[in-house]
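Trainee: my questions concern the predicted model and sequence given below.
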Amino acid sequence: MKQENKSVHGVWGSRWVFILAATGSAVGLGNIWRFPYITGENGGGAFVLLYLLCIAVVGIPIMTAEVMLGRKGGLSPINTMRKLASESKVTQRWAGIGILGALSAFLILSFYSAVASWALYYTWEAARGAFDGITATQSEAHFDTMLANPWLMLGFHSLFMLLTMVVVARGVKGGLEKAVQVLMPLLFVLLLVLVGYATTTPGFSDAMNFLFAFDFSKLTGKAVLVAVGQAFFTLSLGMGAIMAYGAYMPREVTDQKTGKKKPISILSTVAIVAILDTLVALGAGMAMFPLLFSGGLEVGQGPGMMFVTLPLAFGNIPGGVLFGSLFFLLVVCAAWSSSISLGEPVVAWLVEKGLTRVKAAILVGLGAWLLGVGSVLSFNVWEDNTFLAGTFFDNMEFLSTTVMLPLGGLLIAIFAGWVMKETQARKELGIKNFKLYLVWRALVRIFSPAAVIALFVYSIWSAVA
Ligand code: PHE
Ligand code: NA
């Protein structure tokens with residue numbers, strides 16, 4: 001397959017490679033670590049339903065818009081927005097989408113690396129048999145002991161940031177393409193094994209009830225906000241990661257048999273990524289909640305949920321040492337392919353400014369690492385220093401995920417739906433089905449922005465009142 005080449009940063013080998021890369025970005029800690037624990041904190045079923053709704057009516061349309069803008073511009077998000085703004089004859093301030101995105105990237109990358117480092121440590125712990133026959137209380141204690149050790153965590157945080165920046169420094173295409181092709185399918189399989197084990201535990205039906213029985217009386221305003229934020233976070237939206245990856249997406253492929261050029265439809269490509277991402281999140285929930293209920297653990301575990309529940313599974317299944325270390329390793333890899341996409345937009349922009357890729361990666365890596373130290377210390381030394389949303393870590397997570405990503409997404413939707421010329425957007429999208437196109441357009445113009453604005457207004461109002 002051959003395709004027209006345009007971005008200075010390179011082009012994905014095919015549509016399939018784009019799907020893999022975007023899935024690599026999307027599937028990560030957001031699915032396996034964050035989704036289960038915020039579901040636990042926000043009451044279960046109704047929250048899950050709301051989350052799914054947000055994926056469908058806000059996430060997929062905005063993801064489509066983001067890929068479309070990226071492919072049209074072919075540059076890093078900041079310069080893509082500059083280019084599209086001048087093409088649409090509007091103010092260069094629209095490049096602010098890229099700048100806001102760069103800021104979000106720093107914030108997310110910093111705490112993302114801190115959490116990924118827990119998984120790195122747990123890979124080692126699983127491999128040395130530390131979870132053998134572990135009980136629920138022991139598992140909690142094990143996690144707390146890890147958190148209480150800032151030096152250990154700093155070491156793994158540094159290692160993870162280094163791993164991320166090595167790939168970004170080499171250019172995203174080379175290593176990433178190959179890695180995700182093997183790792184993603186393997187992650188799916190192991191998750192299925194875990195869900196299989198969870199079905200045999202006594203807490204399984206309680207867990208299914210918790211996850212899928214919709215009790216709307218449990219739903220709070222904050223839960224709605226968190227669900228929207230999670231939809232953005234899990235699909236990597238609102239900060240330019242998907243825009244940057246879209247810039248490396250080919251416009252058409254030449255079918256080798258017929259020699260005809262076929263356009264690549266963005267919408268159907270995006271839908272595949274969103275579905276895969278959702279399956280992983282639901283799978284993670286179905287693997288972990290039964291263990292919580294079986295072990296008599298608290299549902300609102302918070303950020304430690306995955307690290308408390310999974311050792312219970314691995315400590316009690318045959319081959320648990322092998323499966324356990326493999327699974328945590330895969331979580332690390334999933335987090336790795338996501339953090340790479342967090343670094344890429346900023347690094348690509350610095351490269352366009354004339355820096356070498358290596359220098360740019362070092363700069364971004366150091367900045368995010370430094371900020372990440374704050375998150376590492378939030379679980380020990382700074383544990384009691386709380387302000388606004390909680391610890392330093394809580395604030396980083398809340399600000400980026402619940403405020404900045406939805407804001408970035410809102411601006412992206414407005415640009416794609418209102419500012420850009422309709423004919424251009426339509427051509428770039430390549431949706432053949434006109435009705436489907438109209439649905440997308442209505443969602444991006446009216447529904448998604450309205451949903452995000454309503455949420456902001458509501459949360460400001462409830463914060464003030
Ligand atoms: N989507 C990733 C996850 O679910 C996190 C991420 C957010 C990655 C934003 C890139 C950009 O883990
Ligand atoms: Na995700």
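Mentor: Thanks, I have it. Numbers count the residues shown, from 1 in each chain. Ligands and ions are numbered 1, 2, ... in the order given.

Trainee: using PDB, list the CA coordinates for the helix or strand containing Ala46.
Mentor: Using DSSP states H and E, Ala46 falls within helix 45-54. Taking C-alpha atoms only, helix 45-54 is exported to PDB below (Å, rounded to 0.1, in the frame of the first residue of the first chain):
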ATOM      1  CA  GLY A  45     -24.100   1.700  37.400                       C
ATOM      2  CA  ALA A  46     -25.500   5.200  36.700                       C
ATOM      3  CA  PHE A  47     -22.000   6.600  36.400                       C
ATOM      4  CA  VAL A  48     -21.100   3.800  33.900                       C
ATOM      5  CA  LEU A  49     -24.100   4.500  31.800                       C
ATOM      6  CA  LEU A  50     -23.400   8.200  31.800                       C
ATOM      7  CA  TYR A  51     -19.800   7.600  30.900                       C
ATOM      8  CA  LEU A  52     -20.900   5.400  27.900                       C
ATOM      9  CA  LEU A  53     -23.300   8.100  26.800                       C
ATOM     10  CA  CYS A  54     -20.500  10.700  27.000                       C
END
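
Trainee: for it, list every residue counted as buried.
Mentor: Across helix 45-54, burial judged by 16 or more other Cβ atoms under 10 Å covers Gly45, Ala46, Phe47, Val48, Leu49, Leu50, Tyr51, Leu52, Cys54. Where C-beta positions appear, they are placed from N, C-alpha and C, glycine not excepted.

Trainee: one more: stretch 91-111?
Mentor: Neighbour counts over stretch 91-111 (16+ other Cβ under 10 Å) mark 94-95, 97-111 as buried.

Trainee: got it, and stretch 335-354?
Mentor: 335-351.

Trainee: so which of the buried residues of stretch 91-111 are also by ligand 1?
Mentor: Ile108 (Cβ under 6 Å from any ligand atom).

Trainee: tabulate the buried residues of helix 45-54 (TSV), appending pLDDT.
Mentor: Formatted as TSV, the buried residues of helix 45-54 follow (pLDDT from 0 to 100):
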residue	pLDDT
Gly45	94
Ala46	94
Phe47	95
Val48	97
Leu49	96
Leu50	94
Tyr51	96
Leu52	97
Cys54	95
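
Trainee: residue farthest from the centroid of this protein?
Mentor: Here the centre of the chain is the reference, and by Cα atoms, centre = their mean the most remote residue is Thr258, at 37.7 Å.

Trainee: so that one: helix, strand or coil?
Mentor: Under the three-state scheme (DSSP: H, G, I helix; E, B strand; the rest coil), Thr258 adopts coil.

Trainee: could you do the one 4 residues further on as well?
Mentor: On the three-state scheme (three-state DSSP), Lys262 is labelled strand.

Trainee: Gly43 and Val226 touch, don't they?
Mentor: No: using Cβ atoms under 8 Å, Gly43 is not in contact with Val226; the gap is 10.7 Å.

Trainee: get me the contact residues on the stretch 151-300 of the chain for ligand 2.
Mentor: For the stretch 151-300 of the chain, the residues in contact with ligand 2 (Cβ under 5 Å from the ion) are Thr234, Asp277.

Trainee: give me the below-cutoff pLDDT ranges for the stretch 151-300 of the chain.
Mentor: 172-176 (pLDDT under 70).

Trainee: hey, where'd the helices end up in it?
Mentor: Under the criterion DSSP state H, counting those that start in this stretch, the stretch 151-300 of the chain carries helices at the ranges 172-199, 204-212, 221-234, 241-247, 266-294.

Trainee: just say which of the ones you listed is most tucked in.
Mentor: Of all the helices of the stretch 151-300 of the chain, helix 241-247 has the most neighbours on average by mean count of other Cβ atoms under 10 Å, namely a mean of 30.

Trainee: need the buried residues of helix 45-54 in TSV with distance to Phe393, can you?
Mentor: Shown next, in TSV, are the buried residues of helix 45-54 (distance: Cβ to Cβ, whole Å):
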residue	distance to Phe393
Gly45	27
Ala46	27
Phe47	22
Val48	24
Leu49	28
Leu50	25
Tyr51	22
Leu52	27
Cys54	24
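
Trainee: which parts of the stretch 351-465 of the chain are helices?
Mentor: 357-377, 392-397, 405-414, 422-429, 434-442, 448-464.

Trainee: of the ones you listed, which is nearest ligand 1?
Mentor: Closest of these to ligand 1 is helix 405-414, at 6.9 Å (criterion: Cβ to the nearest ligand atom).

Trainee: and the angle from the closest one to helix 221-234?
Mentor: Between helix 405-414 and helix 221-234, the angle comes out at 70 degrees (axes from the mean of the first three to the mean of the last three Cα atoms, to 10 degrees).

Trainee: just the CA atoms of helix 405-414, as CSV, please.
Mentor: What follows is helix 405-414, C-alpha atoms only, in CSV (Å, rounded to 0.1, in the frame of the first residue of the first chain):
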residue,chain,number,x,y,z
LEU,A,405,-9.4,18.6,28.6
PRO,A,406,-13.1,19.4,28.3
LEU,A,407,-12.2,23.0,27.7
GLY,A,408,-9.7,22.0,24.9
GLY,A,409,-12.4,19.7,23.5
LEU,A,410,-15.0,22.5,23.5
LEU,A,411,-12.7,24.8,21.5
ILE,A,412,-11.9,22.1,19.1
ALA,A,413,-15.5,21.4,18.5
ILE,A,414,-16.3,25.0,18.0
